[in-house]
Every structure is written in structure tokens, then in C-alpha cells.
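A.B. asks: Quick one: sequence plus predicted model below, questions after.
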Amino acid sequence: MARNKISLVGAGNIGGTLALLAGLKELGDVMLFDIAEGMPQGKALDIAQASPIEGFNANVTGSNDYAALAGSDVVIVTAGVARKPGMSRDDLIGINTNVMNQVGAGIKENCPDAFVICITNPLDVMVGVLQKASGLPTSKIVGMAGVLDSARFRYFLAEEFAVSVEDVTAFVLGGHGDTMVPLVRYSAVAGIPVPDLIKMGWSSAEKIDEIVQRTRDGGAEIVGLLKTGSAFYAPASSAIEMADAYLKDKKRLLPCAAYVDGAYGLDGLYVGVPVILGAGGVERIVEIELNEDEQAMFDRSVSAVRALNEIVAKL
Ligand code: TXD
């Protein structure tokens, strides 16, 4: 049986890390695409040269030609620009909308049967643009943000409780950004919900509020430290977990920016919700019950996504 093929559109910080992780985990052959000449080829060769040491079998190639997407089972998109000093969010939306239109056309022409994971910011909006440009069914294209936001939340909770990260599950809903909705009562250590852990004296409500805020600001904290770019290791791990769920038909329940039409009272928009990811792509949207506070936070998050969608519609 032929190996799966994972294509990475955008071979920058996240793209390069994705290529290495896909190799190390033997998810399949890897193709790195970028508009920068030589760069995807150089990273591909470098990673291929790690394969004899790490002992993984994969063809790792680089290209500047969209034709190289042919035969892809999964495409992970990080192409675009990040916000630089002096740029407004609207500028970023304009540039990255153009990039998504180009990438979508490349996917449509060369691998219309692929499962696509979008990472480019502003995430919830860009995944919608990419879906339209690619013409893919909405079940086959999702955005990565919730897995990362939840991983940050899990990490901070594990630190607070002094327990293994493996035993902490956590839930984050809504759009990626300041309005994300970390759901404390759906977060747990080995099944014990966080509110119960507070009652048990493991932490205080105030401390958990601080952790929630640190999770919301998780991206900015790293940008502030790095100064020249944004997080890339954990974002790459997050997208690989989603690709793995699809390729191995795991039916994982993961928070993704998915197209929601009907559930949560929404009428057709991409936003972060829990979904089942398997061989069918987004196989189900999981509609959990929200209390009044959570619903209010979710509504605020949806409004923020809608406002950006309106900017894109006017471009
Ligand atoms: O949770 C999340 N979704 C995110 C999103 C977490 C972290 C970072 N997030 C966003 O991912 C970030 O705001 C960026 O929009 C993307 C990619 O981040 P990365 O750190 O990998 O950015 P780089 O290193 O600048 O890489 C972007 C690459 C770079 O090599 C460009 O040459 C390339 O994109 N690029 C293009 N490739 C193909 N086609 C076009 N048009 C193009 N334009 C730029």
C-alpha cells in the first residue's frame, strides 16, 4: 500500500516543524510548498537527512509549484503573513485573504479530495475564505486553534495542580483570539472536574481565573518573548494531532474551527466547536450545553468572528 501524502502549504516556522513531526511520526510522505524559492527544498533536504538518524521512512520534498499538491491526503495551510508593527488587522486580512484564494485554487486544481487543515490567522475567517476558494465540502476543511488553546490550558492546569499533563483534559470553545471561551467546568484531572478540585482545595477560583486569562493571552505571551514571530512548536503539534485523527480514522473529539450550520443556533459560519474527526473529516459537530455565562462568552466570540467576516465580504 502506498504511503499517505501530507502537503504543507507554507514552509515557514510552523510548516518546517510540521514536516519534521510528520516524518518522526511516519504519517506519510511529506511535501513542503512555499513561494520562497529554494526554502521548501532546503528544509525538505535537511529533514530527509535526519531520517537515517531518527529512523523514519518518508520521502520529503520541497516545491514552488502547486502541481506538487497532486495526490495529497492531507494539506496543512500556514501560508501568509503575520501582523508586523504598523499593520492594522484589516491589512492582514486583505493580504491573507489573497493568499487563501491562491492556495484554495491550487487545492481545487490538484487535490480536491484532500482533508485540509487551515492554520493561517485570523483563523476562523481565513478557513472560511479557503473553503470557498477550494470548493471543498465543509466537512473536509477545518481550522486549527482549539487544540492549541486547549493544550495551553491543559499545560497551565497541570502546572497548577502538580499533576501529569497526560491526566488533564480541557475544553476551549469559540474563535481563536481574545474572545476564546475556556470551559472550566468541562475541564478535569482524570475525570475530576476543575470546580470539584477547587472544592478539594487544590486551587482557588481566583487562580483558575488567572489561568483562564493566561490561556486567552497564550499567543501574545509567546510573541512578546520571541519578538520576531509567533508560536510554532505547539501549533504544529496541534495540527499533527488533527491530521492523525483523520488519517487513522480515530474519531477523536477535538475542538476545531468547523463550519456550524444549525448547531449552537448558528447559521453557517466557521467557529471553534467540539467535533468528531475521523476518515470522513468533520463527522459530527458536538453540541454541548452551555450555562448562561458560557453562552454569553460564546456569543461575544461569535460576534467577533462575524465582524471580521464582514470585513472580508467587503474586500
Ligand atoms: O492557532 C493558530 N491557528 C495559530 C496561527 C498559531 C500560531 C500562528 N498562527 C498563524 O500561522 C500565524 O499568524 C501565521 O498566519 C501562520 C503561519 O505562522 P508561521 O510562524 O509558520 O509563519 P511564517 O514562518 O512567516 O511562515 C509563513 C510562510 C512563509 O514561509 C511565507 O513565505 C509563506 O508562508 N507564504 C506563502 N506561501 C505560499 N503562498 C503564498 N501566497 C504565500 N505567502 C507567504
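C.D. replies: Yes, it's here. Only a predicted model underlies this, so the values are computations on that prediction, with no experimental measurement involved.
A.B. asks: now stretch 99-109: how far from the chain's centre is it?
C.D. replies: 18 Å (CA atoms, centre = their mean, to the nearest Å).
A.B. asks: Identify the residues contacting that stretch?
C.D. replies: Stretch 99-109 is contacted from outside by 9, 66, 69, 75, 77, 79-81, 114, 116, 118, 120, 126, 129-136, using CB atoms under 8 Å, 6 or more residues apart in numbering. Glycine gets a C-beta too; all of them are placed from N, C-alpha and C.
A.B. asks: How many neighbouring residues does the residue lying closest to Ile198 once chain neighbours are set aside have?
C.D. replies: Distance criterion CB to CB, 6 or more residues apart in numbering; nearest residue to Ile198, sequence neighbours excluded, is Ala205 at 5.8 Å. Neighbour count of Ala205, defined by other CB atoms under 10 Å: 11.
A.B. asks: go on, Glu159?
C.D. replies: 12.
A.B. asks: how close does it get to Ser150?
C.D. replies: Distance check for Glu159 against Ser150: by CB to CB, to the nearest Å, it reads 15 Å.
A.B. asks: just to revisit the earlier point, among the contacts of stretch 99-109, which are within reach of the ligand?
C.D. replies: By CB under 6 Å from any ligand atom, the members of the contacts of stretch 99-109 lying near the ligand are 9, 79-80, 120.
A.B. asks: Please produce TSV containing the residues you listed, extended by pLDDT and neighbour count.
C.D. replies: Shown next, in TSV, are those (pLDDT from 0 to 100; neighbours: other CB atoms under 10 Å):
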residue	pLDDT	neighbour count
Val9	99	31
Ala79	98	24
Gly80	96	21
Thr120	95	27
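A.B. asks: Can you give the domain ranges for this protein?
C.D. replies: Domains of the chain are assigned by the TED database as 5-143, 146-313.
A.B. asks: Sketch out the low-pLDDT regions of the chain for me.
C.D. replies: Low-confidence segments of the chain, defined by pLDDT under 70: 84-86, 88-90.
A.B. asks: Show me what from it comes close to the ligand.
C.D. replies: So the chain meets the ligand at 9-15, 34-36, 78-80, 82, 99, 102, 119-121, 123, 144-145, 148, 176, 229-232, 235 (CB under 6 Å from any ligand atom).
A.B. asks: Can you list which of these are found in helices?
C.D. replies: 13-15, 99, 102, 123, 148, 235 (DSSP state H).
A.B. asks: Report the buried members of those residues.
C.D. replies: 13-15, 99, 123, 148, 235 (16 or more other CB atoms under 10 Å).
A.B. asks: With distance to Lys108 added, can I get these in a markdown table?
C.D. replies: As requested, these are exported to a markdown table (distance: CB to CB, whole Å):
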| residue | distance to Lys108 |
| --- | --- |
| Asn13 | 27 |
| Ile14 | 23 |
| Gly15 | 20 |
| Val99 | 15 |
| Leu123 | 21 |
| Leu148 | 27 |
| Pro235 | 25 |
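A.B. asks: Widest-spaced pair of those residues?
C.D. replies: Val99 and Leu148 (20.4 Å; CB to CB).
A.B. asks: which of the domains of the chain sits most buried?
C.D. replies: domain 5-143 (a mean of 20; mean count of other CB atoms under 10 Å).
A.B. asks: Quick check: end-to-end length of that domain?
C.D. replies: Length of domain 5-143, first residue to last, CA to CA, to the nearest Å: 19 Å.
A.B. asks: correct me, but Tyr235 touches Gly146?
C.D. replies: Wrong residue type there; residue 235 is Pro, not Tyr. No. When contacts are counted by CB atoms under 8 Å, Pro235 is not listed as touching Gly146 (11.8 Å).
A.B. asks: mind listing the strands for this structure?
C.D. replies: Secondary structure of the chain, counting by DSSP state E: strands at 5-9, 29-33, 60-63, 74-77, 115-118, 141-143, 168-173, 181-189, 192-193, 252-261, 267-278, 281-285.
A.B. asks: circling back to that earlier point, closest to Met200 out of the buried ones among the ones in helices among the residues of the chain next to the ligand?
C.D. replies: For those, the nearest to Met200 is Leu148 (28.6 Å; CB to CB).
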